[in-house]
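Asker: what's the 3D shape of this:
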Amino acid sequence: MATHINATSDLLSYVRKISVRDDEVLAELRRETAALPAGEAMQVMAEEGQLLGLLVGLTNSRAVLEIGTFTGYSTLCMARALPADGSLVTLDISDKWPAIGADYWKRAGVADRIEVRIGAAVETLRNLLTERGPESFDLVFIDADKANYPEYYETSLALLRPGGLIIVDNTLFFGRVADPDAQDPDTQGVRALNTLLRDDDRVEISLLVMADGITLAHKKRV
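Answerer: Down below sits the predicted model:
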């Protein structure tokens, strides 16, 4: 029985009511994001944002890398969990959406911990590897265009310290990963990463059946 929970809307509402520790800054950013075209579908859920912050704290992270900023809700959740001298580098293809989050970061008092880099993430990741060197981040959150997920993962793993954590969002991709007729580049990218993670003995993994699928990949120390 415990393996067959039916996640009804009533049950999800209960989960959020009983577990999400919210405040007005987070709630306002979610509301503004939800009003954007496709904003509600693209934004990180409140309970997922809270999980991200928890994982930053549990891993004692001081340097976080985020691939895919959008309006900066997940950025805010993770930056808040960093120590005062911690840093978060977040990547996006356009400065349009991160500009929305910037005011909320200031209101939350964490803007000085956040560095936004604009451009193609594949290139930016390679630049970070050159600038900072391997093993320079404690935690990486991947939530950008899905077709490039395998490459994002490989470069992120090089940038991650041993014992660090990679979190990948949308690894169930609206259920499309299990649909053999879904052959678009984004679905194929997520499938390719899922297979890579399953077979990658450099990491320990767990795919959480939460939100749209969240995979945790812990980089082994040896």
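
Asker: longest helix of the chain?
Answerer: helix 185-199 (DSSP state H).

Asker: which other residues reach the helix or strand just after it?
Answerer: Downstream of helix 185-199, the first helix or strand assigned by DSSP states H and E is strand 203-208. Strand 203-208 has contacts (C-beta atoms under 8 Å, 6 or more residues apart in numbering) with 157, 166, 171-172, 194, 197-198, 213-220. (C-beta placed from N, C-alpha, C; glycine too.)

Asker: Run through the neighbouring helices and strands of the worst-scoring helix or strand of the chain on mean pLDDT.
Answerer: Ranked by mean pLDDT, DSSP states H and E, the weakest helix or strand in the chain is helix 39-42, scoring a mean of 84. On a contact count with 3 or more C-beta pairs under 8 Å, 6 or more residues apart in numbering; DSSP states H and E, helix 39-42 meets helix 24-34.

Asker: and the residue nearest in space to the middle of the chain, what are its bridge partners?
Answerer: By C-alpha atoms, centre = their mean, the mean C-alpha position of the chain lies nearest to residue 141, the distance being 3.6 Å. Beta-bridge pairing of residue 141 under DSSP bridges involves residue 66, residue 167.

Asker: low-scoring stretches of this structure, by residue?
Answerer: Within the chain, the segments meeting pLDDT under 70 span 1-3.

Asker: Where do the strands of it begin and end?
Answerer: Secondary structure of the chain (DSSP state E): strands at 63-67, 87-92, 114-118, 137-142, 160-169, 203-208, 214-219.

Asker: between those, which gets nearest to residue 14?
Answerer: strand 203-208 (18.6 Å; C-beta to C-beta).

Asker: next one: that closest one to chain centre, how far?
Answerer: 14 Å (C-alpha atoms, centre = their mean, to the nearest Å).
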